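Asks: what's the 3D shape of this:
(one chain, ligands or ions: 2)
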Amino acid sequence: MRESTAAQPVTALPGVGQALAKTLERLGLRTLQDLWFHLPLRYEDRTRITPIRDLQPGAAAQVEGRIEAVERGFRYRPQLRVAIGDDSRATLLLRFFHFNAAQANQLVVGTLLRCYGEPRLGAQGLEMVHPQYRRVADTAAAAVEERLTPVYPVTEGLSSARLAGVIARALQRLPADAELELIPPDLRKAYRLASLRDALLFAHRPPPDADLAQLELGLHPTQQRLAFEELMAQHLSLKRLRARVRQHAAPALRGGGELRRRFLAALPFAPTHAQQRVAAEVAHDLAKPAPMLRLVQGDVGSGKTVVAALAALAAVEAGFQAALMAPTELLAEQHFRNFQRWMQPLGVEVVWLAGKLKGKSRSAALAHIAGSAEAHPAQIVIGTHALMQEGVAFHDLALAIIDEQHRFGVHQRLALREKGRVAQAAPRGRGMEAELEGSAMEGRLEDRVPHQLVLTATPIPRTLAMTAYADLDVSIIDELPPGRRPVTTVAIANARRHEVIERIRAACADGRQAYWVCTIIEESDLLQAQAAEAAYAELTSALPGLAIGLVHGRLKPAQKQAVMDAFAAGKIALLVATTVIEVGVDVPNASLMIVENAERLGLAQLHQLRGRVGRGNVESSCVLLYQAPLSAMARQRLDVLRVSNDGFRIAEKDLELRGPGEVLGTRQTGELALRIADLARDAALLPQVQRAGATVLDQSPALADKLIERWIGQAARYAGA
Ligand code: ADP
Ligand code: MG
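Replies: Ligands and ions are numbered 1, 2, ... in the order given. This next block holds a predicted model:
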């Protein structure tokens, strides 16, 4: 049987041996198809020869001229200067700083050279530094290239020209449309997509009249056609994942609402309209015998925790368990305390589980979660990643809530769901309401999985959400609780640090509280802790008499907790911290935040951090300390924060400035590794991609498999879903 051409290894090409294959592998190029999809970064136009007279500084061009003079000099370093002239009776200077004797010997007066390079204005008129050049024979006019010359992304030990040769050979094996094309003609027509074969050939070797500027932006219709197909494959794979999950059953959670009513009545505030709407959307999903897959997005401080608590109570009312997982211990602990405070009066049991819980207390917690203890099973379980570890078995998990999703990857999200998987569909609840509806279970897979609620404060731009979270329904809390005031944000150079410290003194003298956040790029807990300790020492000596606390990832949980408690109680005026306080921490009286090295952080992260203040009803401010000089890009980014308090706008801007990887966090980048498409650049395609994707799923599901296989391959990204 014939192996598909696309899947053939690069070594199937003449001239590609093991050594070259290894180098190609470093670029992720293993098969012929990988080569086909490895698009040029930019193009060079060698299809014509520009008269020297017509050269423009800054505009790369190809010229041909005869050497009129050669000069070797050693002014500051060895230099070879070659003047060429052509029929346009103009002269161009070529400058070489690196050259060998053989090269110098070839470049003699009278030789005809063809050069490609970018002219610039030098002291003696136009010049090219280190142009690409070759000698051409005198006799007949040498042919020019017929197509634009591709310049490929390369790696050490591989030139673009060599790679271009390999890719050209791979393209010769590009099969006919019949074998290659996956998108059916009617869809191609509807969305005006060229055939894949035409698109690839064009993108690698565009004709001379192609729009170079458009090509280099990746906006040429043929490039967009390739991006379209890739985005569609991504979209389909998430849809598939979703469909697979939805084949399972889930317990229909239809409690009477009594606990939820009592919970709301005891809250010191009324939920906002947005909270009510989203809570209702969640409750509606939970009442169905199919697993909910819902993402709740809400800006920092929009009150997602209340929505989570209502969902958890829906599970409890129906006689099941709910689990809430948070990415940091600090945040998990804060949730635990909030939930305890809310749930105790209702008689609902809340249990805590984190990695640091050891020995007897751990086994007690595990027994409680599994329902094997004397006492009745835990109703709400709160913790960190520890919840997903082996050895953690739930008695009857019906709802998995994951807070601050951007810190977790898709895999972790799935792992928690596995915890609640039950291999048959018999009713297992405790109370009367726990009866599963037998009829609704019919026709479903035997496995039962918990509902999933994902909370995120990283406002994901809509376009991105549709792609990166196509497996989830989305609810948005688009309203902040009343009385919140926007945080005034300023950017100040580190040289004016003393002024900032003065400002803390004044604010704290006024009875306000402040955060000082130390950031360093290293992920290492130790280095971060050291940076925080240094700042702590500095501030303690600069602000004598002020109660200052320190919290970082290397402290014992009890120590951390003691500091956070003291800060929450107002006993500490200034809290020096690492970014451990980034998510979730909630101390309304804190109204001043200083962020060190702000220029190094992503906008979304800064917005998160800033969200720690502006929670009470005093005027709050945030100082972004930066190391001068700021790059233009860094200044632009800090400006976005200065002028906007709207997380969605900030995220859109961040996406524009830095691309999706940064916005979603590194975890997601791996999972959304796009070869050709660029979510920011190609955002406009997404609505069409969605529509086309729906048509494919509807009319030719087998095609969806092929598209996923082609673009995502065997990565088994969602194995076990
Ligand atoms: P986030 O969406 O960032 O997780 P939280 O759930 O931590 O926000 O809520 C932030 C703060 O706002 C908490 O102190 C919470 O008690 C309070 N809060 C939540 N909802 C409301 C509301 N409707 N009115 C007033 N305060 C609220
Ligand atoms: Mg939160």
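Asks: element containing the residue nearest to residue 235 when sequence neighbours are not counted, please.
Replies: Excluding the flanking residues, the one nearest residue 235 by CB to CB, 6 or more residues apart in numbering is residue 693, at 4.6 Å. Just so you know, the C-beta spots here come from the backbone N, C-alpha and C atoms, and that holds for glycine as well. Using DSSP states H and E, residue 693 sits in helix 686-699.
Asks: now swap in residue 274 and tell me
Replies: Going by DSSP H and E, residue 274 is part of helix 273-286.
Asks: pull that helix out as PDB, backbone CA atoms only.
Replies: This file holds the C-alpha atoms of helix 273-286, laid out as PDB (Å, rounded to 0.1, in the frame of the first residue of the first chain):
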ATOM      1  CA  HIS A 273     -27.800  41.800  37.400                       C
ATOM      2  CA  ALA A 274     -24.900  40.300  35.500                       C
ATOM      3  CA  GLN A 275     -24.200  37.900  38.400                       C
ATOM      4  CA  GLN A 276     -27.900  36.900  38.500                       C
ATOM      5  CA  ARG A 277     -28.000  36.300  34.700                       C
ATOM      6  CA  VAL A 278     -24.800  34.200  34.700                       C
ATOM      7  CA  ALA A 279     -25.900  32.200  37.800                       C
ATOM      8  CA  ALA A 280     -29.200  31.500  36.000                       C
ATOM      9  CA  GLU A 281     -27.400  30.300  32.900                       C
ATOM     10  CA  VAL A 282     -25.300  28.000  35.000                       C
ATOM     11  CA  ALA A 283     -28.300  26.700  36.900                       C
ATOM     12  CA  HIS A 284     -30.100  26.000  33.700                       C
ATOM     13  CA  ASP A 285     -27.100  23.900  32.400                       C
ATOM     14  CA  LEU A 286     -26.800  22.100  35.700                       C
END
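Asks: give the other helices and strands that it contacts.
Replies: Judged by 3 or more CB pairs under 8 Å, 6 or more residues apart in numbering; DSSP states H and E, the packing partners of helix 273-286 are strand 293-298, helix 304-317, strand 451-456, strand 473-477.
Asks: which of the residues in the strand or helix carrying residue 189 are buried?
Replies: Here residue 189, judged by DSSP H and E, is contained in helix 185-190. Using 16 or more other CB atoms under 10 Å as the test for burial, helix 185-190 gives 187-188.
Asks: for it, list the C-alpha coordinates in CSV.
Replies: Listed next in CSV are the C-alpha coordinates belonging to helix 185-190 (Å, rounded to 0.1, in the frame of the first residue of the first chain):
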residue,chain,number,x,y,z
PRO,A,185,-15.8,22.8,-3.8
ASP,A,186,-19.1,24.4,-2.6
LEU,A,187,-17.4,25.5,0.6
ARG,A,188,-14.4,26.8,-1.3
LYS,A,189,-16.7,28.7,-3.5
ALA,A,190,-18.8,30.1,-0.6
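Asks: for that helix, give me every contacting residue.
Replies: If you take CB atoms under 8 Å, 6 or more residues apart in numbering as the criterion, helix 185-190 is touched by 193-195, 692, 695-696.
Asks: list the contacts of whichever strand in the chain runs longest.
Replies: What stands out as the longest strand in the chain, according to DSSP state E, is strand 61-74. Residues outside strand 61-74 that contact it (CB under 8 Å, 6+ apart): 45-46, 48-52, 55, 78-86, 91-92, 104, 107-119, 136, 144.
Asks: show me these that map onto strands.
Replies: In strands, defined here by DSSP E, the members of those are 78-85, 91-92, 112-117.
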